[in-house]
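Undergrad: return a 3D structure for these sequence lines:
(one chain, ligands or ions: 1)
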Amino acid sequence: MRRLIAANWKMNKTPKETEEYLKKFLRFVEHPESREILICPPFTSLCVASEMLKGTGVKLGAQNCHYEKKGAFTGEVSIPMLKELGCEYVIVGHSERRHIFGESDELIHKKVVACLEEGIRPILCVGEKKEEREAGMTFKVVETQIKLALNGIEEHVDKIDIAYEPVWAIGTGIPATPEDAVEVHIFIRNLLKEMNPKNEGKTRILYGGSVKPENAKEFMKHEEINGLLVGTASLDPESFAKIVYSF
Ligand code: PEP
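TA: Presented below is the predicted three-dimensional model:
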């Protein structure tokens, strides 16, 4: 299984800044086939990124999508639009979408279904809030989010990636310990096996939450961690490159 290191830029970087970033970042990229490298810029930077990443082996993804192909959905972006720009991935159900924009498990499920129908790979984000961890509910929260997102499409677990991102670790500078992350990754792996024994081991499970160049190696030491989803530390090209080549 090729490990995936993904950058989630969130609402950062104009098209011009994207161009400047990629010029620098691509100088650090060697042997892109040894690991999968993914950049998810804002929608407005997809066009310039798409041109610059052509032929580099670095993949392009979006941070969100709508589940309909087209129509009267002001402000939304559809999967065919993303695919035409060369996007191969979409982040779905990021905690900021869930908790700031109120995305429900039902909506996230519709987006995952649409991704599978349109042939783009969703990275489904799941993770517990601080108070849920403190109440010992981590496994229950993660299980519910995964079961609702994949309800009725369990046979396709090989076509998605899952990012375990504890909400309390995102953007706080305080990551989970690699051991805590591994515990949840093993739980998710077993849950997926229960849901679809035939496709056992075919879903990548990434960790996300305050990953930096200084701690990336500690996560990637564990074979249960099949990749990383990186926010803040992916905004600097050198820092992201250090994470990409930390293992
Ligand atoms: C994220 O937004 O997916 C994320 C992991 O952010 P950060 O790396 O800043 O915690």
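
Undergrad: list the buried residues in stretch 113-121.
TA: Using 16 or more other CB atoms under 10 Å as the test for burial, stretch 113-121 gives 113, 114, 115, 116, 118, 120, 121. Yep, even glycine has a C-beta here, placed from its N, CA and C like the rest.

Undergrad: that one: how far from the chain's middle?
TA: 15 Å (CA atoms, centre = their mean, to the nearest Å).

Undergrad: which residues touch the residue of the chain found nearest the ligand?
TA: Of all residues in the chain, residue 231 sits closest to the ligand, at 2.2 Å by CB to the nearest ligand atom. Residues in contact with residue 231, defined by CB atoms under 8 Å, 6 or more residues apart in numbering, are 8, 9, 10, 170, 171, 208.

Undergrad: same thing but at 6 Å, please
TA: Going by CB atoms under 6 Å, 6 or more residues apart in numbering, residue 231 touches residue 8.

Undergrad: pLDDT value on it, please?
TA: pLDDT, residue 231: 98.

Undergrad: for it, give me phi and psi.
TA: With angles defined as degrees, to the nearest 10, residue 231 sits at phi -100, psi -100.

Undergrad: which bits of the chain sit near the ligand?
TA: By CB under 6 Å from any ligand atom, the residues of the chain that approach the ligand are 8, 10, 165, 170-171, 208-211, 229-233.

Undergrad: which helix is the longest one in the protein?
TA: Using DSSP state H, we find that the single longest helix of the chain is helix 178-195.

Undergrad: still on that earlier bit, need the buried ones from the residues of the chain next to the ligand selected in PyMOL.
TA: To isolate the buried subset of the residues of the chain next to the ligand in PyMOL, counting by 16+ other CB under 10 Å, use the following:
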select buried, resi 8+10+165+170+208+209+210+211+229+230+231+232+233
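
Undergrad: and which of the residues of the chain next to the ligand is nearest residue 74?
TA: residue 10 (21.8 Å; CB to CB).

Undergrad: ok, and the closest non-adjacent residue to the closest one?
TA: Excluding the flanking residues, the one nearest residue 10 by CB to CB, 6 or more residues apart in numbering is residue 231, at 6.1 Å.

Undergrad: quick one, strands of the protein?
TA: For the chain, the strands defined by DSSP state E occupy 4-8, 36-40, 59-62, 87-92, 121-126, 161-164, 204-208, 227-230.
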